[in-house]
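Q: model this:
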Amino acid sequence: MLSFYSLMTVILNLFILKAVCSSNDPINSKYEIGTEIVTASIRKIQDSCIFNNDLLFMHRIAFHETTDGNDLMNIWNTEKGRSGIWQNNASVLEILQNSTNSLTENQRIAVSEELQINITDFNWESGDLEIPLNSAAVARMFISTFENSLIPFDLAGQARFWVSL
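A: A predicted model of the protein is given here:
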């Protein structure tokens, strides 16, 4: 049986480990780029079960728009840079922040609860979408707002779907 001090030491170590791991998560840090960052951001969103499976669509958008963020390395303080890996412009963010659609409202709540990010507090000019998880969440929410938001299975269908948005 563990002594009281041993148990407290274990609990304290778990809190420290959680704090260290969560504060250094690169998907929550500005200017992080690359395939691993894209994959981790998408995985976190998918693991939350807020949205339907995107069938690799979000990966393809990130690569198509910014080569997984690598195209942004030297242009963060421009419109393209502030739009983040998934290229959400100020209008997209404003639409999601001001929508009174019940689906969007429910998604904002779920994103806040499951991912601990509050889209209504984002400021595009301050570069809040330069944080990969923020950019991915906004992009995924925006895609889901369209009436025909069922993402096609095949690559050609996804390309047509992306062009139609």
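Q: How about the contacts made by Glu79?
A: Glu79 is in contact with Asn89, counting by C-beta atoms under 8 Å, 6 or more residues apart in numbering. Using the backbone N, CA and C atoms, a C-beta is placed for each residue, glycine as well.
Q: same thing but at 6 Å, please
A: Glu79 is in contact with no residue at all, counting by C-beta atoms under 6 Å, 6 or more residues apart in numbering.
Q: what's downstream of the lowest-mean-pLDDT helix or strand in the chain, the next helix or strand?
A: When each helix and strand of the chain is scored by mean pLDDT, DSSP states H and E, helix 4-23 comes last, with a mean of 54. On the C-terminal side of helix 4-23, the closest following helix or strand by DSSP states H and E is helix 35-47.
Q: Please state the offset of that next one from the chain centre?
A: Here the centre of mass of C-alpha atoms in helix 35-47, compared against the chain's by C-alpha atoms, centre = their mean, to the nearest Å, lies 8 Å away.
Q: Helices along this protein, start to end?
A: In the chain, the segments counted as helices under DSSP state H are 4-23, 35-47, 57-66, 79-82, 90-98, 102-115, 132-144, 155-164.
Q: for the second one, packing partners?
A: Read that as helix 35-47. Helices and strands touching helix 35-47, by 3 or more C-beta pairs under 6 Å, 6 or more residues apart in numbering; DSSP states H and E, are helix 132-144.
Q: and if we set it to 10 Å?
A: Contact analysis of helix 35-47 by 3 or more C-beta pairs under 10 Å, 6 or more residues apart in numbering; DSSP states H and E lists helix 57-66, helix 102-115, helix 132-144 as its packing neighbours.
Q: out of the ones you listed, deepest packed?
A: Most buried of the helices and strands packed on helix 35-47 by mean neighbour count (mean count of other C-beta atoms under 10 Å) is helix 132-144; its value is a mean of 25.
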